[in-house]
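>>> sequence below, structure please.
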Amino acid sequence: MSEQPSSPAVLERMIAIVGAANAVTDAEGIAPYLKESRGLYHGASPLVLLPASTDEVSSIMALASQTGTPIVPVGGRTGHVGGQVPREGSRDVLLSLARMNRIRDIDPLDNIIIADAGCILADIQKAAEAVNRLFPLSLGSEGSCRIGGNLATNAGGTAVLAYGNMRQLCLGLEVVLPTGEVWNGLRRLKKDNSGYDLRDLFIGAEGTLGIITGAVLKLFPRPLGHEVAFAGLASPEAALSLFEKASALCGPALTGFELMPRIGVDFTTRHISGVRDPLATRHDWYALIDISTSDSPESAASMMHAVLDAGHAAGLVENAVIANSLAQQQGLWHMRESMSEAQKPEGGSIKHDVSVPVARIPAFMREAAEAVMETVPGARICAFGHLGDGNIHYNISQPVGADKAEFIARWREVNAVVHRIVLAHGGSISAEHGVGQLKRDELEATRPAIETELMRRIKAAFDPAGIMNPGKMVSPG
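Now for the predicted structure:
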């Protein structure tokens, strides 16, 4: 290696690839890239590069490979596990895909859209809508998160129940490897059994194997009928029983089934502008039910009434309201999507993004609550999420009057308590937010040794120099 990694000479050569106007070198400009949204991780970097094309990304990676310069890919910077943050005290170079935001093709007959990885999710949704199609991935951060990051973390969101996560919504990828080589796997085929599925290696790899620069994404016909209801319930057990009835009555038309606690509704109505309690009476738990049908508005309305009638008859639904306008539908979803943000004014919050088999959600909730309250008396548990696919955001707000710093300092301790119960129920400690730095060591400690070893072998095969997003997902061993 003739040049030192991240040396001034190497950085100048990298800047020359994108042009000085597309490189950030001043401390003030770099600062926003050095931390994640929760403030858990702070890193260091001498340079942010903003390439405009796959060719420029390829040239950067070829030079990085030759010089051993570590590269951290950056999307919309909305991640929660430190996956997009450079290492502390490092000279990791940040590579942002923000300028790579072109929609390359859209075909409503094939039901596909081909887009640069830097496209913002909301822009993909709008492009699909313009040709009377639906791209169903929906996240609270959809106005700023980017497709490359969605793919790198295998994002899920609120419609996984009906459409799947990003792994199911992607047909093909374009990826720049650590060597600078480009794999063009932008295939539109829905059936292709020719060899290993390389696509699935890069989806969910959090930029540790290569940089996703483009993707072929699936589109769907836009639903003609759409209904959203909000139901008051007594318990997670009642929610699970209602979900079973909704699944039987609606089949694939059931596009969302969200579980929320009373404390979450209190937080959102208290702190989120424009949010109000949809029901006149208070309930311990709530379900947000979303139904979409392809044939008519009447069929969606009929299904929703059938679900709520069955829930009332079985003593599961204590009270309910059906949104009677698009604005009301959006309002109900806004309350759900704001639940995490609404915890911030309540002080420190220790968060968990976990999944367990759907049938075990009530038992998990009960056991986790007992263990958390024993560990942190007075803790306020705001556990909510996608009951339909088993993904629960098990968030814990500090006790009233507690010291925020002291509470946050117990993050790992509380994580261990919750994750022990998750694993006992056959669940996962990372459902849709990824691993990053936050869960890397715990993932390795809780997965079978052969699984961790296979991950290391894959990492070594694709990135023998260890320059791709180092310190994330899997340790060198």
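>>> ok, and for the helix of greatest length in the chain, which residues are buried?
Longest helix in the chain by number of residues (criterion: DSSP state H): helix 297-313. Buried residues in helix 297-313, counted by 16 or more other Cβ atoms under 10 Å: 299-304, 307-308, 310-311. Bear in mind the C-beta positions are built from the backbone N, C-alpha and C, glycine included.
>>> next one: stretch 127-138
By 16+ other Cβ under 10 Å, the buried positions in stretch 127-138 come out as 127-128, 133-138.
>>> with stretch 67-76 instead?
67, 69-76.
>>> for the closest residue to residue 135 other than its chain neighbours, give me its contacts.
Distance criterion Cβ to Cβ, 6 or more residues apart in numbering; nearest residue to residue 135, sequence neighbours excluded, is residue 128 at 4.3 Å. For residue 128, the contact set (Cβ atoms under 8 Å, 6 or more residues apart in numbering) comprises 106, 113, 134-135, 219.
>>> and those, which two are the farthest apart?
Largest separation among these by Cβ to Cβ: 106 and 134, giving 12.6 Å.
>>> ok so, going back, in JSON lines, list the contacts of residue 128 along with pLDDT, distance to residue 450 and secondary structure.
Converted to JSON lines, the contacts of residue 128 look like this (pLDDT from 0 to 100; distance: Cβ to Cβ, whole Å; DSSP: H, G, I helix; E, B strand; the rest coil):
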{"residue": "106", "pLDDT": "97", "distance to residue 450": "42", "secondary structure": "strand"}
{"residue": "113", "pLDDT": "98", "distance to residue 450": "38", "secondary structure": "strand"}
{"residue": "134", "pLDDT": "96", "distance to residue 450": "40", "secondary structure": "strand"}
{"residue": "135", "pLDDT": "97", "distance to residue 450": "37", "secondary structure": "coil"}
{"residue": "219", "pLDDT": "97", "distance to residue 450": "38", "secondary structure": "coil"}
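>>> closest to residue 47 out of these?
residue 113 (32.0 Å).
>>> which residues of the stretch 101-250 of the chain fall in helices?
121-130, 147-152, 160-163, 166-169, 198-202, 236-250 (DSSP state H, counting those that start in this stretch).
>>> ok, so of the buried residues of stretch 67-76, who is nearest residue 275?
Closest to residue 275 out of the buried residues of stretch 67-76 is residue 76 (24.2 Å), distances taken as Cβ to Cβ.
>>> tell me how far that closest one lies from residue 37.
With distances taken as Cβ to Cβ, to the nearest Å, residue 76 is found 10 Å from residue 37.
>>> residue 342 too?
15 Å.
>>> between these two, which is the more surrounded one?
Neighbour count, other Cβ atoms under 10 Å: between residue 342 and residue 37, residue 342 has more, with 23 against 11.
>>> can you confirm residue 329 is in a helix?
Yes. Residue 329: assigned to a helix according to DSSP: H, G, I helix; E, B strand; the rest coil.
>>> contacting residues for it?
226, 228, 323 are the contacts of residue 329 under Cβ under 8 Å, 6+ apart.
>>> in terms of secondary structure, what does the worst-scoring helix or strand of the chain on mean pLDDT contact?
Within the chain, confidence by mean pLDDT, DSSP states H and E is lowest for helix 440-446 among all helices and strands, at a mean of 81. If you count contacts as 3 or more Cβ pairs under 8 Å, 6 or more residues apart in numbering; DSSP states H and E, helix 440-446 packs onto helix 411-424.
>>> name whatever forms a beta bridge with residue 114.
residue 105, residue 216 (DSSP bridges).
>>> ok, it to residue 135 distance?
Per Cβ to Cβ, residue 114 is found 12 Å from residue 135.
>>> do the same with residue 298
26 Å.
>>> same question for residue 190.
For residue 190, the distance to residue 135 (Cβ to Cβ) stands at 16 Å.
>>> the helices in the stretch 351-477 of the chain, which residues?
Using DSSP H, counting those that start in this stretch, helices in the stretch 351-477 of the chain cover 361-375, 404-408, 411-424, 440-446, 449-462.
>>> if you count neighbours, what's buried in the shortest one?
I take that to be helix 404-408. 407-408.
>>> which residues does it contact?
347-348, 350, 376, 398-399.
>>> looking at those residues, which is nearest residue 275?
For these, the nearest to residue 275 is residue 347 (19.5 Å; Cβ to Cβ).
>>> follow-up on the earlier one: please identify the most buried of the helices of the stretch 101-250 of the chain.
Greatest average neighbour count among the helices of the stretch 101-250 of the chain goes to helix 147-152 (a mean of 29), per mean count of other Cβ atoms under 10 Å.
>>> that helix: how far from the chain's middle?
Helix 147-152 sits 9 Å away from the centroid of its parent chain (Cα atoms, centre = their mean, to the nearest Å).
>>> just the mean pLDDT for that helix, thanks.
Taken as a whole, helix 147-152 has an average pLDDT of 94.
>>> which residues are contacting that helix?
With Cβ under 8 Å, 6+ apart as the criterion, helix 147-152 contacts 73, 75-76, 78-79, 83-84, 97, 115-121, 124, 137, 139, 155, 166, 170, 173, 202-207, 211-213, 215, 217, 434.
>>> again with stretch 443-462
Contacts for stretch 443-462 (Cβ under 8 Å, 6+ apart): 177-178, 201, 208-210, 419, 423, 429-430, 435, 466, 468, 473-477.
>>> and that stretch, what's buried?
Here stretch 443-462 shows 443-444, 446-447, 452, 455, 459, 462 as buried, counting by 16+ other Cβ under 10 Å.
>>> hey, C-alpha coordinates of stretch 92-100 in CSV?
Taking C-alpha atoms only, stretch 92-100 is exported to CSV below (Å, rounded to 0.1, in the frame of the first residue of the first chain):
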residue,chain,number,x,y,z
ASP,A,92,-13.5,7.0,8.4
VAL,A,93,-14.6,8.7,5.2
LEU,A,94,-18.4,9.3,4.9
LEU,A,95,-20.0,8.6,1.5
SER,A,96,-23.5,10.2,1.2
LEU,A,97,-25.8,9.1,-1.6
ALA,A,98,-28.0,12.2,-1.3
ARG,A,99,-27.1,13.4,-4.8
MET,A,100,-28.0,10.1,-6.3
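>>> I'd like the distance from that stretch to the chain centre, please.
For stretch 92-100, the distance to the chain centre is 19 Å (Cα atoms, centre = their mean).
>>> same question, stretch 357-375
23 Å.
>>> quick one: contacts for the residue lying closest to residue 283 once chain neighbours are set aside?
In space, and not counting its chain neighbours, residue 283 is closest to residue 232: 3.2 Å by Cβ to Cβ, 6+ apart. Counting by Cβ under 8 Å, 6+ apart, residue 232 touches 279, 281-283, 285-286, 317-320.
>>> please list only the buried members of those.
Here, 16+ other Cβ under 10 Å leaves 279, 283, 285-286, 317-320 buried among these.
>>> among the residues you listed, name the ones in strands.
Counting by DSSP state E, the buried ones among the contacts of residue 232 place 285-286, 319-320 in strands.
>>> which one of those is nearest to residue 411?
The closest of those, once distances to residue 411 are taken by Cβ to Cβ, is residue 285, at 26.2 Å.
>>> hang on, the closest one packs against residue 264?
No. Using Cβ atoms under 8 Å, residue 285 is not in contact with residue 264, being 9.6 Å away.
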